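Participant: Next input, structure requested:
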Amino acid sequence: MIPEPAALQTIRAYHQRSKHRFEAYAPGPGTLDWDAQPAPFRDFQGAVSIPLPSLADALQNPPLATALRQPFSSLGQSANVIEPGLDALGVLFQLALGITAWKSYGPDRWAVRANPSSGNLHPVEGYLFLHGMTGLSDGLYHYCPDSHALELRAEFDAIDGPPQMLIGLSSVMWREAWK
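Facilitator: Residues are numbered from 1 along each chain as shown. Here you go, the predicted structure:
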């Protein structure tokens, strides 16, 4: 058997020390450094921001509303194609990564989001690469859940070819590791 590199041994040891178990939670640091608390939302100052329609507004689009009301049992069956646009993107991001409610206790206020997250830290960030979508420049966008908007991070020259949309997820590891 080939011995593990030291870095891999370190990673495995950290995992063993920090994982939850059926009989107990992982040990915490005892206290939190509130001065080092990471920002709950990533935004890029100076980026062009494109507001997305809310779910309630998008439901005014009949084909989209019909698609969203389909029972889960019909998934996988042929259905009408929903044209990608701001309505569809607004629904997608609100249901996948958006804020579902705000909670408060005393002076503290925090967001509850659609995607689950241990400790309400939400390290997952959404990105969108678009080409050929009506109403949006070809480019790379970042989703901002606090403003329910897309931030244009990079604009690309128009290219030939069919419309394309790629969704990427990244993680802000410091948000998760802080607690």
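
Participant: What segments of the chain are strands?
Facilitator: 48-51, 99-105, 108-113, 124-131, 139-144, 149-155, 164-171 (DSSP state E).

Participant: Tell me which strands the fourth one pairs with, and in which orientation.
Facilitator: Strand 124-131 has these partner strands in its sheet, going by DSSP bridges: strand 139-144 (antiparallel), strand 164-171 (antiparallel).

Participant: quick one: low-confidence parts of this structure?
Facilitator: The chain contains residues with pLDDT under 70 at 1, 29, 79.

Participant: Let me see the ranges of the helices in it.
Facilitator: Applying DSSP state H to the chain gives helices spanning 6-18, 55-58, 62-68, 86-97, 173-178.

Participant: Now tabulate those helices in a markdown table and tack on distance to Ala47.
Facilitator: Quick note: C-beta positions are derived from backbone N, CA and C, even for glycine. Output for the helices of the chain, formatted as a markdown table (distance: least, Cβ to Cβ, whole Å):
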| stretch | distance to Ala47 |
| --- | --- |
| helix 6-18 | 34 |
| helix 55-58 | 23 |
| helix 62-68 | 27 |
| helix 86-97 | 16 |
| helix 173-178 | 20 |
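
Participant: out of these, nearest to Asp33?
Facilitator: Shortest distance between Asp33 and the helices of the chain, using Cβ to Cβ, is found for helix 173-178: 7.8 Å.

Participant: ok so, going back, and of the strands of the chain, who's closest to Asp35?
Facilitator: Minimum separation from Asp35 across the strands of the chain (Cβ to Cβ) falls at strand 108-113, 15.5 Å.

Participant: strands paired with the closest one, and their directions?
Facilitator: Paired with strand 108-113 in the same sheet, following DSSP bridges, are strand 99-105 (antiparallel).
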